[in-house]
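# Give me a model of this one.
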Amino acid sequence: MTTTTTVHGKIDEGTGKLKQTVGEVSGNEKLANEGAAQQIKGHVEQAWGSIKEAVKESHDRHEPERHDIREKLVSTAQNVKEKIQHAVSPDNKDV
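Prediction:
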C-alpha cells in the first residue's frame, strides 16, 4: 500500500534531483539549492507516508484483537449486571 503522500514525496525527490542537476550544470546556484530543498521535502514526505502506511497496517492487523477485547468487556459487563440484578432481586432468598 502506497499513500499519496509517499507518491508526492517520490515526485518531489525526482523533481528536486533534476533541478539540482540543471542548476549545477548551468551554474545557477539558486536553482541547485531549490532542487536540494525539494529533495529534502520529498524525503520527508516519503518518511511521513511510510509512517501512515505502518499505522494503517498495524491498525488492520490488530482489528480482530480489538474486537475480541471489546466483546469480552461487553460480556463481562453483562455478567456483572446480571449478578447485581440477581443479588438485589426480591425473589433472591440469599439476601
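
# From here on, just use CA atoms for contacts and neighbour counts.
Fine.

# for Asn33, what are its contacts?
Listed by Cα atoms under 8 Å, 6 or more residues apart in numbering, the contact partners of Asn33 are 20, 23.

# And for Lys10, nearest residue in space, chain neighbours not counted?
Spatial nearest neighbour of Lys10, chain neighbours left out: Gly42 (5.9 Å); criterion: Cα to Cα, 6 or more residues apart in numbering.

# For the one you found, list the residues it contacts.
By Cα under 8 Å, 6+ apart, the contact list for Gly42 reads 8-13.

# any weak-confidence spans in the protein?
Along the chain, segments meeting pLDDT under 70 span 1, 63, 92-95.

# Break down it into its helices, ranges please.
Defined through DSSP state H, the helices belonging to the chain, from first to last, are 4-26, 29-88.

# Which of those has the highest mean neighbour count?
With neighbours defined by mean count of other Cα atoms under 10 Å, none of these is more surrounded on average than helix 4-26, at a mean of 18.

# Quick one: work out the angle between it and helix 29-88.
In terms of direction (axes from the mean of the first three to the mean of the last three Cα atoms, to 10 degrees), helix 4-26 departs from helix 29-88 by 170 degrees.

# what's in contact with helix 4-26?
The list of residues contacting helix 4-26 from outside it, by Cα under 8 Å, 6+ apart, reads 28-50.

# Please state the offset of that helix from the chain centre?
The chain centroid and the centroid of helix 4-26 are separated by 26 Å, computed with Cα atoms, centre = their mean, to the nearest Å.

# likewise stretch 26-46?
Relative to its parent chain, stretch 26-46 has a centroid offset of 27 Å by Cα atoms, centre = their mean.

# Can I get it in PDB? Just the C-alpha atoms.
C-alpha atoms of stretch 26-46 as PDB (Å, rounded to 0.1, in the frame of the first residue of the first chain):
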ATOM      1  CA  SER A  26      24.200  25.800 -15.700                       C
ATOM      2  CA  GLY A  27      25.900  27.400 -12.700                       C
ATOM      3  CA  ASN A  28      22.600  28.500 -11.300                       C
ATOM      4  CA  GLU A  29      23.200  28.200  -7.500                       C
ATOM      5  CA  LYS A  30      19.700  29.300  -6.600                       C
ATOM      6  CA  LEU A  31      18.100  26.500  -8.800                       C
ATOM      7  CA  ALA A  32      20.600  24.000  -7.400                       C
ATOM      8  CA  ASN A  33      19.700  24.900  -3.900                       C
ATOM      9  CA  GLU A  34      15.900  24.800  -4.600                       C
ATOM     10  CA  GLY A  35      16.400  21.400  -6.100                       C
ATOM     11  CA  ALA A  36      18.300  20.200  -2.900                       C
ATOM     12  CA  ALA A  37      15.500  21.600  -0.700                       C
ATOM     13  CA  GLN A  38      12.800  19.900  -2.800                       C
ATOM     14  CA  GLN A  39      14.700  16.600  -2.500                       C
ATOM     15  CA  ILE A  40      14.700  17.000   1.300                       C
ATOM     16  CA  LYS A  41      10.900  17.800   1.200                       C
ATOM     17  CA  GLY A  42      10.500  14.600  -0.900                       C
ATOM     18  CA  HIS A  43      12.400  12.500   1.600                       C
ATOM     19  CA  VAL A  44      10.300  13.900   4.500                       C
ATOM     20  CA  GLU A  45       7.000  13.300   2.600                       C
ATOM     21  CA  GLN A  46       8.100   9.700   1.900                       C
END
